[in-house]
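A.B. asks: How does the following fold in three dimensions:
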Amino acid sequence: MCEVLSPGLAVSVLKAIFQEVHVQSLLQLDRHTVYSIITNFMGTREEELKGLGADFTFGFIQVMDGEKDPRNLLVAFQIVRDLIAKNYALGPFVEELFEVTSCYFPIDFTPPPNDPHGIQREDLILSLRAVLASTPQFAEFLLPLLIEKMDSDLQSAKLDSLQTLTACCAIYGQKELQEFLPSLWSSLRREVFQTASEKVEAECLAALHALSACLSCSVLSSDTEDLLDSFLSSILQDCRHHLCEPDMKLVWPSAKLLQAAAGASLRSYHRVTRSVLPLLLEQYTKHPQSSQRRTILEMLLGFLELQQKWGYVEEDESTLLSLQAQVCSVVFSALTDPSVQLQLVGIRALTVLGSLQGFLSPSDLELVVDHLIHLALREEDSQSSEAAMEAAGSLAPIYPKVFSGRMVPRLEEELQLEREESSSDRCSLRQRCLQALAAVSTHTSIVRETVPVLLQHLRKVQKGSEAGNAQDMVSACQSLHRVALQCQQDAEGCWYYHQTVVPCLLAMAVQAAMQESAHPLLGKALLEEEVLAAMVPIISAATTHLSPELAAQSVSHVVPLFLDGEVSFLPQNSFPCSFQPFEDGECLEAQRRLVALLMAFVCSLPRDVAIPQQERLLRELLVLSCSCNCPFTATTAAKCFAGLVNKHPAGQQLDEILQLAVNRMEPGLAEGPRRTQALTLLLWVTKALVLRYHPLSSRLTDKLLGLLGDAELGPAAADGFSLLMAESPDVLHKGCHADVRIMFRQRFFTDNVPKLVQGFHGAGPDVKANYLKGLSHVLNHLPKPVLVTELPTLLSLLLEALSCSDRVVQLSTLSCLQPLLLEAPQIMSLHVDTLVTKFLSLTSSPAMAVRIAALRCAHALTSLPTTVLLPYKARVIRALAKPLDDKKRLVRKEAVAARGEWFLLGSPGR
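C.D. replies: As a prediction, the model looks like this:
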């Protein structure tokens, strides 16, 4: 409509509205129409409207004056923003325009319940703030208003004023701020010194930072006063002396104010630190108590972190550089202090100093490394030891030569020393050495030094005959895994790690498996389940991030090793006999266990990497998973088969392999000594197909549902539903490139929960628990928003599951119900009597995990409507007195929290 009006008509329409219509006497909808007309004209007839000059601004002020409806205010505030942003003439009406908008500040609006328009208080606050902070012309009127509102008793008014001041600083200059700086600083200082609110303190510090940044950006002429310098002088004058009182309550507020101002610009940082850093160093020396020193060092650390923000040290200006020796001395003394808390702050400070390029001299760096080694290995407290290792990991990429030349050899030497210490002390030191070697491996050049050391230690432990061998090997494997994770983002480091570690681990495992039959004690530890399980994530992490070309190169060696015994690519490959893990024979049982390592490798390959002899490999895995008597080997073979099936391209080959699997599973499940192995294979293949939405998955799931009624396999089949729904740590997850479709859990729920419910109602009393267990596992892994929508139909079954004697069912159901109490209180309150009875009963369960879960649910009950809960208050408080004396601390902790909430139920302000 606006476009077809002839030139001049828009101005005529607006003049008529301004002169003839008293807009504020109209209905809300009509007023909204007037605002819409003005908005449309401003969008399409800007030049014509600007021809009116300041009369247009004055006319709009008359239209808006007195508006109260939030729907109209949002449009009106937008019009004011456009007036200013598009440079409409304000003329002599700047103050009037400010008054007509600022009268709404601070916004005090609570939307009515079930408001169809959806306007929130925050919408109005942001819209008005955008108006007030849109032009420096408002400064002389706005700043006194903000100072006045900062002194308000209402926290919301304080917060709004501070946030608006921060927004204004982005467009103001020295001229606008100069007159009001003393009053602004006074208000900000008072709030930070006196407030009990963290929110108000944070906004005050943000506003002070913005003021300092604004003053830092102003261009100085030779005859103008440096307002930044005088402003910072006021701050230093009011705060500096409090830093001399590390035990007094104003020390931290003062430090925060100084740091907020110093962080605004490099100029303000130099001005503040020139005054503050020498004082803090002097105070550290003057106060001998560890608690006081910790406070002072934490303040010093705050200023060091600000220097880190600027990223470099300017030699001519930096106060920090001139105090280098004193700062290093203070930090090093903190590292040798008996107080763990002071050590931790010292380690953080050391990390920051190390990140300032050029700050630490070569001799200081060597001292840093020596301190970190001592803390990592010798410090009794594990907190300091772990923090030192993390610090070494942070600094190693900055100074790789220092760490590889000084730290790695020292750690290697410690690993090789045979000390005359108790067995537990020696084991603890070895473990720390291994952890430190892993922590410092954050640069490719260091990885090339540490990986051979870790592998050498693993070989040494394998040849040993100590009782704790398996645990030592697991520790070494955990360190190797951490290094693998740290190498993943660096292509060069990742390939070096893969081609060094994977063949070495495979060679050690093959050697151990071959020795097992001839010398049962040699290499035995390496074949234990926990050690093989610790090697799996190493090989997996070393493989997932390989490029397709390098992965193809590696797979061409590893698969022939397992299928054909091709050992030529392994280091030290002179083995006493051939490697045949898929052959029959009792003496080959140890070799078959190594299928776990094959699984770790092939199931972590990118999907587009072709696996040589894949069909043969799948057939061998299928036979092994169904025929092997060792549960560990059978399970890993099933998982490996499932991982390959999940990634296998759709087509005839896949269909044939799956049909072969079904043909082997069905007779195995029906009868015979290996029903458990057949069930394990069924579960993993079902999971592989459910994840990729394969049509056969529904048939296999129905088979699994049928097994819930089996007296022997029923409980294990019910637990299998947890396996289907949960994230698998080693195969069939996105990290190892598995084919995982979106919302597979929701689809599985929709397809199978009705069948579970139907099966429960038709089952005999001896197997009903299996259906409940399966249902609770499915629901426990379902996204909570989906579960809430289905809750009314399933809640009765969940409540029945709480009466089941199976602890797994109880725990799974409690874990499912706890979030539902918080997210669907109205539905849950309909069953409050049953819930209270069941939860209180389970607080006496023999299983600690069930007692803890029941107490958490009893705690979550307090989120239901108070009127529903009050009749049960006395009963619950009496019942929760008993777990207060539970023998387990974690149970007592939950009981205290739950009982405290029930005591407060119905009290004022709740």
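A.B. asks: residues of the helix or strand that contains Leu377 that come out buried?
C.D. replies: Using DSSP states H and E, Leu377 falls within helix 362-378. Neighbour counts over helix 362-378 (16 or more other C-beta atoms under 10 Å) mark Asp364, Leu365, Val368, Val369, His371, Leu372, Ile373, His374, Leu375, Ala376, Leu377 as buried. Placement of C-beta: from N, CA and C, glycine included.
A.B. asks: So the fifth one is in contact with Ala349, correct?
C.D. replies: The one in question is His371. No. Taking contacts as C-beta atoms under 8 Å, His371 lies outside contact range of Ala349: 11.6 Å.
A.B. asks: ok, back up a step: nearest to Ala763, of the buried residues of helix 362-378?
C.D. replies: Ala763 lies nearest to Ala376 out of the buried residues of helix 362-378, by C-beta to C-beta, at 57.8 Å.
A.B. asks: Now do the same for the closest one: its pLDDT.
C.D. replies: Listed pLDDT for Ala376 reads 90.
A.B. asks: coming back round to it: what's the farthest-apart pair in the buried residues of helix 362-378?
C.D. replies: Asp364 and Leu377 (20.7 Å).
A.B. asks: Beyond the helix or strand harbouring Cys494, next helix or strand please.
C.D. replies: According to DSSP H and E, Cys494 maps onto helix 491-518. Next along the chain after helix 491-518, taking DSSP H and E as the criterion, comes helix 529-544.
A.B. asks: Okay, angle between whichever helix or strand comes after that next one and helix 491-518 too, please.
C.D. replies: Next in sequence after helix 529-544, counting helices and strands by DSSP H and E, comes helix 548-564. Angle of helix 548-564 versus helix 491-518, following axes from the mean of the first three to the mean of the last three C-alpha atoms, to 10 degrees, is 10 degrees.
A.B. asks: what's helix 548-564 packed up against?
C.D. replies: Helices and strands touching helix 548-564, as assessed by 3 or more C-beta pairs under 8 Å, 6 or more residues apart in numbering; DSSP states H and E, comprise helix 491-518, helix 595-602, helix 614-627.
A.B. asks: for the helix holding Cys494, which positions count as buried?
C.D. replies: Residues 493-517 are the ones in helix 491-518 that count as buried (16+ other C-beta under 10 Å).
A.B. asks: Stretch 275-287: which residues count as buried?
C.D. replies: Ser275, Val276, Leu277, Leu279, Leu280, Leu281, Gln283, Tyr284, His287.
A.B. asks: thinking the fifth one is in contact with Ile296, fair?
C.D. replies: Which is Leu280. Yes. Using C-beta under 8 Å, Leu280 is in contact with Ile296, at 5.7 Å.
A.B. asks: Identify the contacts common to those two.
C.D. replies: Shared contacts of Leu280 and Ile296 (C-beta atoms under 8 Å, 6 or more residues apart in numbering): Leu243.
A.B. asks: chain center to the helix or strand bottoming out on mean pLDDT in the chain: distance?
C.D. replies: Lowest mean confidence among the helices and strands of the chain (mean pLDDT, DSSP states H and E): helix 319-322, at a mean of 74. Relative to its chain's centre, helix 319-322 lies at 37 Å (C-alpha atoms, centre = their mean, to the nearest Å).
A.B. asks: other SSEs contacting that helix?
C.D. replies: Counting contacts by 3+ C-beta pairs under 8 Å, 6+ apart, helix 319-322 packs against helix 266-286.
A.B. asks: Who are the contact partners of Ser385?
C.D. replies: By C-beta under 8 Å, 6+ apart, the contact set of Ser385 is Leu375, Ala376, Leu377, Glu379, Arg432.
A.B. asks: Quick check: the last one vs Ser385, distance?
C.D. replies: For Arg432, the distance to Ser385 (C-beta to C-beta, to the nearest Å) stands at 6 Å.
A.B. asks: Check the second one too.
C.D. replies: In this view, Ala376 and Ser385 are 5 Å apart by C-beta to C-beta.
A.B. asks: and what of the fourth one?
C.D. replies: With distances defined as C-beta to C-beta, the gap from Glu379 to Ser385 amounts to 5 Å.
A.B. asks: Poorly predicted segments of the stretch 351-500 of the chain, please.
C.D. replies: 418-425, 464-468 (pLDDT under 70).
A.B. asks: give me that answer again for 50
C.D. replies: 467 (pLDDT under 50).
A.B. asks: shaky segments in this protein?
C.D. replies: Ranges of the chain meeting pLDDT under 50: 1, 222, 316, 467, 521-522.
A.B. asks: which residues does the closest residue to Leu707 other than its chain neighbours contact?
C.D. replies: Leaving aside its sequence neighbours, Leu707 sits nearest to Ala717 (C-beta to C-beta, 6 or more residues apart in numbering; 4.0 Å). The neighbours of Ala717, taking C-beta under 8 Å, 6+ apart as the test, are Leu679, Leu704, Leu707, Leu708, Asp710, Asn770, Gly774.
A.B. asks: Likewise for Leu26?
C.D. replies: Val34 are the contacts of Leu26 under C-beta under 8 Å, 6+ apart.
A.B. asks: what about the strands in the stretch 51-200 of the chain?
C.D. replies: Along the stretch 51-200 of the chain, counting by DSSP state E, counting those that start in this stretch, no stretch forms strands.
A.B. asks: in it, which spans are helices?
C.D. replies: 54-64, 70-85, 94-102, 121-132, 139-150, 155-169, 174-177, 181-194, 198-217 (DSSP state H, counting those that start in this stretch).
A.B. asks: In CSV, list those helices along with distance to Cys477 and mean neighbour count.
C.D. replies: What follows is the helices of the stretch 51-200 of the chain, written out as CSV (distance: least, C-beta to C-beta, whole Å; neighbours: other C-beta atoms under 10 Å):
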stretch, distance to Cys477, mean neighbour count
helix 54-64, 72, 20
helix 70-85, 61, 19
helix 94-102, 67, 18
helix 121-132, 52, 19
helix 139-150, 59, 18
helix 155-169, 51, 21
helix 174-177, 62, 18
helix 181-194, 51, 18
helix 198-217, 44, 21
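A.B. asks: Ala436 is nearest to which of these?
C.D. replies: Ranking the helices of the stretch 51-200 of the chain by proximity to Ala436 (C-beta to C-beta) places helix 198-217 first, at 37.1 Å.
A.B. asks: Tell me how far the closest one lies from the chain's centre.
C.D. replies: That offset, for helix 198-217, works out to 28 Å (C-alpha atoms, centre = their mean).
A.B. asks: any idea which helix or strand comes after the least confident helix or strand of the chain?
C.D. replies: Scanning forward in sequence from helix 319-322 by DSSP H and E, the next helix or strand is helix 324-335.
A.B. asks: Who are the packing partners of that next one?
C.D. replies: Using 3+ C-beta pairs under 8 Å, 6+ apart: helix 324-335 touches helix 266-286, helix 290-310, helix 340-355, helix 362-378.
A.B. asks: In TSV, list those along with distance to Gln591.
C.D. replies: Below are the helices and strands packed on helix 324-335 laid out as TSV (distance: least, C-beta to C-beta, whole Å):
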stretch	distance to Gln591
helix 266-286	63
helix 290-310	54
helix 340-355	47
helix 362-378	39
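A.B. asks: Figure out which of those helices is closest to Ser329.
C.D. replies: Nearest of the helices and strands packed on helix 324-335 (C-beta to C-beta): helix 266-286, 8.6 Å.
A.B. asks: how far is that closest one from where the chain is centred?
C.D. replies: That offset, for helix 266-286, works out to 35 Å (C-alpha atoms, centre = their mean).
A.B. asks: which residues are contacting it?
C.D. replies: For helix 266-286, the external contacting residues (C-beta under 8 Å, 6+ apart) are 212-213, 215-216, 228-229, 232, 235-236, 240, 243-244, 246, 258, 261-263, 293, 296-297, 299-300, 303, 306-307, 310, 314, 317-320, 323, 326-327, 330.
A.B. asks: ok, the residue nearest to Leu707 to Leu696 distance?
C.D. replies: In terms of C-beta to C-beta, Ala717 sits 18 Å off from Leu696.
A.B. asks: In the contacts of Ser385, find the pair that's most separated.
C.D. replies: Leu375 and Arg432 (10.2 Å).
A.B. asks: Distance of the residue lying closest to Arg432 once chain neighbours are set aside relative to Val483?
C.D. replies: Computed as C-beta to C-beta, 6+ apart, the closest residue to Arg432 that is not its neighbour in sequence is Leu377, at 5.2 Å. Look at Leu377 and Val483: by C-beta to C-beta, they are 18 Å apart.
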